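# Build me a model from this:
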Amino acid sequence: RSGPVRDYPNRIVRGWLPWTPGRITVVGLRDGREVCRDELVTPGAPSALVFDSPRRAITLRRDGAGRPMPFQLLCKVRALDGEGNPVFHTDEQVAFTVEGAGTILGTDNGDLGRPEGMDARTIHLFQGRTSAALRLTAPGTVTLTAAAPGLKPARMDIVVE
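Here you go, the predicted model:
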């Protein structure tokens, strides 16, 4: 079925597009004038992992005695193709490692259909994404690495003050 969005129940277009190379451009119109535009490029094969924020600076709060209090940080990683496009149809197993005054509290990918232990340091990508929760405990630099076979690893440096 095709036609103007107003012809669909509740103006929600539902359907399935086959996974083929190319671009999909969506244009939002109001009174016949373009008000927004977005484009999605079909990605190629995954080639690298990247963190959403590759570098961070965290200042630890202090308790009444002046000791640093632990800080928890959620670090999200995704797969990209060689052109830098997000790859959503991949499920490689990612291994997280940490160096410095930090520990991995757990991992998650949001996939309810494939339960994996959240206390593990490895987890599969789900729709090209996963995450690790870190506990930062002392000043210094903490480095988190996410690696998967055949993909360039991601590295996140966190400066803890």
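# can you list contacts of whichever strand or helix holds Thr25?
Secondary structure assignment for Thr25, by DSSP states H and E: strand 23-30. The list of residues contacting strand 23-30 from outside it, by CB atoms under 8 Å, 6 or more residues apart in numbering, reads Leu17, Glu34, Val35, Cys36, Arg37, Asp38, Glu39, Leu40, Val41, Thr42. Bear in mind the C-beta positions are built from the backbone N, C-alpha and C, glycine included.
# from these, which two are the most distant?
Within the contacts of strand 23-30, Val35 and Thr42 form the most distant pair, 25.3 Å apart (CB to CB).
# who's more crowded, those two?
Thr42 (16 against 9; other CB atoms under 10 Å).
# The nearest residue to Pro68 once chain neighbours are set aside: what's it in contact with?
Excluding the flanking residues, the one nearest Pro68 by CB to CB, 6 or more residues apart in numbering is Leu60, at 4.1 Å. By CB under 8 Å, 6+ apart, the residues touching Leu60 are Pro68, Met69, Pro70, Phe71, Leu136, Ala138, Pro139, Val160, Glu161.
# The first one - how many residues pack around it?
Each residue near Pro68 was counted by other CB under 10 Å, and the total is 17.
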